[in-house]
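>>> predicted coordinates and the sequence they were generated for:
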Amino acid sequence: MDKHISIAIQSIKNTLIGLAQIMLQPSVGVGMVFLVGSAINSVPLAILGLIGSAAGTLTAVVVGFSPKYIRNGLFGFNGALVGFGLGYFYGPILSLVIFVLLGASASTIIMQYMRLKGWQPFTFPFVITTWLIMLLFRATGSFEIIPWSLGKGDSLNFMQAAFRGIGQVFFQEYAVTGLLLVTAITLNNWVAGIFTIGASCIGMLVALSFGLPTDAINLGLFGYNGVLCAIAFAGKSLRDIITALVAILLSFLIYCGVIYIGIPPLTFPFVLAAWITFWGRGWLDKKLSMR
């Protein structure tokens, strides 16, 4: 096979795995399903996500970051989220592409810096990059956030809310998209698939018990951070289940707090909840080992 063709194929694989790594799945097949699922929701939005993943991955290649991490898509998923996020908030328009490219590249640099410092980045590079871009847009008046249309929802639509809570991990509002995502995850890792469904349902039910707006619950806004927490801590032991549950509930509380402050939460509740839970579990393990 021609060297250039081989490089092109590997680049496509890296980009698709970058999409899959949004939900911690290092798989080309899962990435392809994620791309199709997002295209069902919005083709322009899917293109922005693909551009973000490609830009983040290419930045890592050009700068000379670890080929192993590049192949595993670890420099693509934050960039992909930048693309999905900006397209979701401001509309998937052509003029956003330059900011997606810059934001994806910046997220890759931040990702590498955090890795070298021994920190677990998760999606924090996407969060901080997107917040800064949104702050720039607000200061300059360059782009206006598109108002969310929550619709009318006096009663809970359980299935719709559950699948939307999964799709909202990368700003996908169609229940069908969420169904495709969880199916791909389950086929790749059945334990992660079960945790994914469970986390979305927990977020939905907790929000309902708190008396939060039903239309927002139906849109899946209270499930997606918990979904990421569940996948991050997924496992077969009781310890894994308890840890995941703690992280899910913690991410819900953080989400409500961030919303109250008036900041777009993005996936920051997941990041902070995961950091706290990992620290807490490590601290507890250390204490127990000293007995």
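Good, I have the coordinates.

>>> next, work out how far apart Val169 and Ser251 are.
Between Val169 and Ser251 the computed distance is 12 Å (Cβ to Cβ, to the nearest Å). Using the backbone N, CA and C atoms, a C-beta is placed for each residue, glycine as well.

>>> what do those two both touch?
Residues within reach of Val169 and of Ser251 at once, by Cβ atoms under 8 Å, 6 or more residues apart in numbering, are Leu228.

>>> Leu50 contacts Val36, correct?
No. With contact defined as Cβ atoms under 8 Å, Leu50 does not reach Val36; the gap is 11.3 Å.

>>> which of those two has more residues huddled nearby?
Leu50 (24 against 13; other Cβ atoms under 10 Å).

>>> for the helix or strand hosting the more buried one, buried residues please.
Counting by DSSP states H and E, the element that carries Leu50 is helix 43-63. By neighbour count on 16 or more other Cβ atoms under 10 Å, the buried set for helix 43-63 is 45-61.

>>> and what of stretch 268-281?
268-274, 277-278, 281.

>>> kindly report the same for stretch 67-74.
70, 72-74.

>>> over to stretch 117-134?
121-130, 133-134.

>>> out of the residues you listed, which one sits closest to Pro213?
Distance to Pro213 across the buried residues of stretch 117-134 (Cβ to Cβ) is lowest for Met134, with 22.9 Å.

>>> low-confidence ranges in this structure?
1, 4, 148-153, 290-291 (pLDDT under 70).

>>> for it, what's the longest helix?
helix 238-261 (DSSP state H).

>>> after that one, which helix or strand is next? Please name it.
Helix 238-261 is succeeded, C-terminally, by helix 268-289 (DSSP H and E).

>>> from the chain's centre, how far out does that next one sit?
20 Å (Cα atoms, centre = their mean, to the nearest Å).

>>> and the angle for that helix with helix 238-261?
Computed by axes from the mean of the first three to the mean of the last three Cα atoms, to 10 degrees, the angle separating helix 268-289 from helix 238-261 equals 140 degrees.

>>> what's the angle from the helix or strand encompassing Asn78 to helix 43-63?
According to DSSP H and E, Asn78 maps onto helix 77-90. Counting by the same axes, to 10 degrees, helix 77-90 lies at 150 degrees to helix 43-63.

>>> which secondary structure elements does helix 77-90 contact?
Identification of packing neighbours for helix 77-90 by 3 or more Cβ pairs under 8 Å, 6 or more residues apart in numbering; DSSP states H and E yields helix 3-20, helix 43-63, helix 97-116, helix 124-140.

>>> report the distance from the third one to the chain centre.
Translated: helix 97-116. 15 Å.

>>> what is the orientation angle of it with helix 3-20?
Using the same axes, to 10 degrees, helix 97-116 lies at 80 degrees relative to helix 3-20.

>>> what is the burial count for the residue lying closest to Gly203 once chain neighbours are set aside?
Spatial nearest neighbour of Gly203, excluding adjacent residues (Cβ to Cβ, 6 or more residues apart in numbering): Gly223 at 3.6 Å. By other Cβ under 10 Å, the residues close to Gly223 number 35.

>>> Val206 is in contact with Gly223, correct?
No. Checked against Cβ under 8 Å, the pair Gly223 and Val206 is beyond contact range at 9.4 Å.

>>> distance to Glu173 added to the helices and strands packed on helix 77-90, as TSV?
Converted to TSV, the helices and strands packed on helix 77-90 look like this (distance: least, Cβ to Cβ, whole Å):
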stretch	distance to Glu173
helix 3-20	18
helix 43-63	10
helix 97-116	20
helix 124-140	18
